[in-house]
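Visitor: here is the input, now give the coordinates:
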Amino acid sequence: MAHNDSVIYQGYPSLDEIKNANTWPTEERFKKGPVAIIECVQEIPCNPCEDACPFHSIHIGERITTIPKLDLDKCTGCGLCIASCPGLAIFVVNKAYSETEAAVSFPFEYFPLPEKGAQVFAVNRAGENVCTATVEKIVNPAKNDRTPVVTIIIPKEYSDTVRSIRRLNAPAEYPSPRAAGSGAAGDTVPDDVLVCRCEEITAGEIRRAIREYRADSVTGVKRRVRAGMGLCQGRTCGRLVSRILAEETGKKPADIPPATDRPPVRPVTFGELKGGRNE
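Guide: Next up, the predicted model:
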């Protein structure tokens, strides 16, 4: 998988990267009604979505690090997989909602929750405002384990772009992103945001490692605060750590030394290590 400077700095996958990694529905499938969109691009050990689907439309297989694949014929767009994804990387899109509108369902772990019928700002994968939207419903049963699923109605032309809504208590103006190497002021990721989910390391802790403990590389941050030491070995948080390093040091992302790869690069079974299947 190619990782160019802009992707590393942005910290989120592009639409092309998502389409290359996952099963993107055809326009014919979109016309049939709601369908799941899996935007998982990292080979990390994770498979709750496979078990969550009652129609067995999501397949990962024996190798738990395999990127999920969707069987478009089996998927009904029920949305039960949305809240099951620890990475919040599954959505349901219904381009057949009406002639001019589409419905997008997504996980939303912020308070306060919107109310049905409310007018909100729909945002893209970068968190940027795209258009206004109407909240159609909020699903938050106990089995979702505090991951509400929100469905909004938007103009159909934005259905491949919109993936969430603006937080209702967000400040009127977000800090402007700091250009790589510019040294301009303004943090793009709030200090209380979890960057490394495996080790529960926040952006603030990473900035402290850089400012106070003089970490100047992804590996340096890892040694000081354990970001990237979890089960995914930095495949999820590495880009954001590089981005924060670029912001704090004024360097370009390409000049940020990457983390040191240590074998195994990804988790393997004992059967694979011995060269055969487990007995």
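Visitor: tally up the residues packed near residue 56, please.
Guide: 11 (other Cβ atoms under 10 Å). To be clear about C-beta, it is placed using only N, CA and C from the backbone, and glycine gets the same treatment.
Visitor: so residue 195 belongs to a helix, correct?
Guide: No. Looking at residue 195 with DSSP: H, G, I helix; E, B strand; the rest coil, it is strand, so not inside a helix.
Visitor: I'd say it and residue 203 touch.
Guide: Yes. The pair residue 195 / residue 203 is scored as a contact, 5.2 Å apart, by Cβ atoms under 8 Å.
Visitor: tell me which of these two has more neighbours.
Guide: The neighbour comparison of residue 195 against residue 203 (other Cβ under 10 Å) goes to residue 195, with 26 against 23.
Visitor: mind listing the strands in the protein by residue range?
Guide: 35-38, 58-59, 69-70, 90-94, 101-107, 119-123, 129-139, 149-155, 164-165, 194-196, 201-202 (DSSP state E).
Visitor: what about the chain, any weak spots by pLDDT?
Guide: 1-11, 171-188, 261-268, 276-279 (pLDDT under 70).
Visitor: at 80 what do you get?
Guide: Applying pLDDT under 80 to the chain flags residues 1-12, 170-189, 231-233, 235-236, 253-254, 257-279.
Visitor: thinking again about what came up before, which among the strands of the chain is found nearest to residue 256?
Guide: Closest approach to residue 256 among the strands of the chain (Cβ to Cβ): strand 194-196, 14.6 Å.
Visitor: counting contacts, what elements does the closest one pack onto?
Guide: The contact analysis (3 or more Cβ pairs under 8 Å, 6 or more residues apart in numbering; DSSP states H and E) places strand 194-196 against strand 201-202, helix 238-249.
Visitor: determine which stretch of these is the most buried.
Guide: helix 238-249 (a mean of 24; mean count of other Cβ atoms under 10 Å).
Visitor: residue 84 contacts residue 47, doesn't it?
Guide: No. Distance between residue 84 and residue 47: 9.7 Å, which falls outside the contact criterion (Cβ under 8 Å).
Visitor: between these two, which is the more surrounded one?
Guide: For residue 84 versus residue 47, the count of surrounding residues by other Cβ under 10 Å is larger for residue 84: 20 against 17.
Visitor: one step back: hey, what's in contact with both of residue 195 and residue 203?
Guide: Both residue 195 and residue 203 are in contact with 189, 240, 244, where contact means Cβ atoms under 8 Å, 6 or more residues apart in numbering.
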